[in-house]
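Student: only geometry, no sequence info:
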């Protein structure tokens, strides 16, 4: 076996037996994607000098803003599963870093809302824009049937992972561990 053939065989992209990936191959590729995505999130956090929760909060705030919705700190706390003191500290950090600001609620003068700054939007777009374009280009190259198959696959995988099992019966078949 040549070095090139060995490299292809060990890379997971060469399927000489079946001519197509097996179930285990697909799950390994999904695991590789998840690993790449985790590394990208780490790079993003590092470049923006933010923690994971900070970045998630900023994403939620930007999504709400795009939908024309306002978010109070308690809405953010609920969405993130944080206690009130923790979300206060989080918003304080984001205000101090210039990523968000507190503003009066447009309808409830007793409340304040948390709003991402324009600079935050620009920073996120600069940091993630090229990657998002590459990802959309890949999806746009799929046929309608391929897109539908991928969507069904990802939805069913999410459901499989979200399901909580009772653990009273031993698992059958191979168990893949990260």
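Tutor: Cool, the structure landed. Worth saying up front: this structure is predicted, and the values here are computed from it rather than measured.
Student: Measure how buried residue 114 is and give me the count.
Tutor: 25 (other C-beta atoms under 10 Å). Where C-beta positions appear, they are placed from N, C-alpha and C, glycine not excepted.
Student: For the host helix or strand of residue 152, the averaged confidence score.
Tutor: Using DSSP states H and E, residue 152 maps to helix 144-162. For helix 144-162, the mean pLDDT works out to 95.
Student: Confirm residue 103 sits in a strand?
Tutor: Yes. Under DSSP: H, G, I helix; E, B strand; the rest coil, residue 103 sits within a strand.
Student: That one: how many residues sit nearby?
Tutor: Residue 103 has 11 nearby residues by other C-beta under 10 Å.
Student: Show me where this protein dips below the pLDDT cut-off.
Tutor: Where the chain drops to pLDDT under 70, the residues are 1-18, 167-178.
Student: distance of the most centrally placed residue in it from residue 111?
Tutor: Ranked by distance to the mean C-alpha position of the chain (C-alpha atoms, centre = their mean), the top residue is residue 37 at 7.4 Å. Distance, residue 37 to residue 111, using C-beta to C-beta, to the nearest Å: 35 Å.
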